[in-house]
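Asker: Build the 3D model from these lines:
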Amino acid sequence: MAILILIISILLLSAPAASENEVTGIIGESVLLSCDLKSSTAIDTARLRFHWQDESKIVVYSFNKGEENQHQDSLYTNRTKAFRSEMTSGNISIKLSQVTLEDKQNVYSAFATLLGENDKHNHPCRTTLLVAARFPTPSVTVNKTNMNATCSTQGGYPQPVVTWTIQDRGNHTLDPWEVQTNITLDSESGLYSVWSQVNITENQTVTCHIFNPVLRETVSNTTIVSPSKSINTDPAGACDRTQHLIFMN
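Answerer: Numbering: from 1, shown residues only. Model (predicted):
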């Protein structure tokens, strides 16, 4: 397979530049590495040979005239699937399953050859994979003795941005110096935990926002601080709950 990759690479020096793409995969889920040969005629899969490799030149998936994964590295065993019924139209995309943190920022490249009298060699696609994990909706609790609100969540990736908004006479975002935040990385899972705290006064509505910069997604939770008691967003309690899920393009 190494000789095959070398031959294809040499022949590709004069081929058009590969199309560049960037996709985001969620840890534990599947992601599509898309690639289209843009063929104007139907492709005979008995003449089609292609493979995907990562930036370390490890074979992620291989297709050789109808045979799959003869040279696939064990790192990707049972993690890839191609769309055989669509190969005749030039679709050599693959689905990569069980995305892990080790896949982050990896660059996956597709190389294709159409065998025949005038063999056509192509390097049509390069895809950079970003990896993320969604943060659960944060828990927001109020300590009426110390007059502070605490926000916590865990199990997300990458490191988030934490902000607080306060609504009393108006609605404003707290400055960083008004917030005490601790973000820690779990050495085993590689995921982040968040703990953040702000001072409060009565008759305020406070909201904690957790922003994931890769997903461009914010999860938020709100607590209303009343004079007599706090109405918090404890998931297990019979309290008023406001949850915001904001997607930013």
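Asker: where in this structure is pLDDT low?
Answerer: Residue ranges of the chain with pLDDT under 70: 1-18, 117-120, 228-249.
Asker: hmm, try it at 80
Answerer: 1-19, 116-121, 169-170, 227-249 (pLDDT under 80).
Asker: In it, where's the longest strand?
Answerer: Taking DSSP state E as the assignment, the strand of the chain that covers the most residues is strand 120-132.
Asker: now that one, how far from the chain's geometric center?
Answerer: Offset of strand 120-132 from its chain centre (Cα atoms, centre = their mean, to the nearest Å): 16 Å.
Asker: Pull up the pairing partners for the following helix or strand past it, direction included.
Answerer: Per DSSP states H and E, the first helix or strand lying C-terminal to strand 120-132 is strand 139-143. Paired with strand 139-143 in the same sheet, following DSSP bridges, are strand 148-156 (antiparallel).
Asker: which residues are contacting the partner strand?
Answerer: Residues from elsewhere that reach strand 148-156 (Cβ atoms under 8 Å, 6 or more residues apart in numbering): 132-143, 162, 164, 186, 189, 191-200, 206, 208, 210, 212, 219, 221, 223, 225. Any C-beta I mention is one placed from the backbone N, CA and C, and that applies to glycine too.
Asker: Now do that strand and strand 120-132, the angle between them.
Answerer: Going by axes from the mean of the first three to the mean of the last three Cα atoms, to 10 degrees, strand 148-156 is angled at 150 degrees with respect to strand 120-132.
Asker: For strand 148-156, could you pull out the residues that count as buried?
Answerer: Ala149, Thr150, Cys151, Ser152, Thr153, Gln154, Gly156 (16 or more other Cβ atoms under 10 Å).
Asker: How about residues contacting the helix or strand following it?
Answerer: Using DSSP H and E, the next helix or strand after strand 148-156 towards the C-terminus is strand 161-167. Outside strand 161-167, the residues that touch it by Cβ under 8 Å, 6+ apart are 149, 151, 171-174, 178-179, 181, 183, 194, 196, 198, 200, 204-211, 213.
Asker: Now the buried members of those residues.
Answerer: Members of these classed as buried by 16+ other Cβ under 10 Å are 149, 151, 179, 181, 194, 196, 198, 200, 204-211.
Asker: Give me the subset of those residues lying in strands.
Answerer: Cross-referencing the buried ones among the contacts of strand 161-167 against strands under DSSP E gives 149, 151, 179, 181, 194, 196, 198, 204-211.
Asker: which one of the residues you listed sits closest to Asn21?
Answerer: Nearest to Asn21 among those, counting by Cβ to Cβ, is Phe211 at 24.6 Å.
Asker: correct me, but the closest one touches Thr173?
Answerer: No - using Cβ atoms under 8 Å, Phe211 makes no contact with Thr173, being 11.9 Å away.
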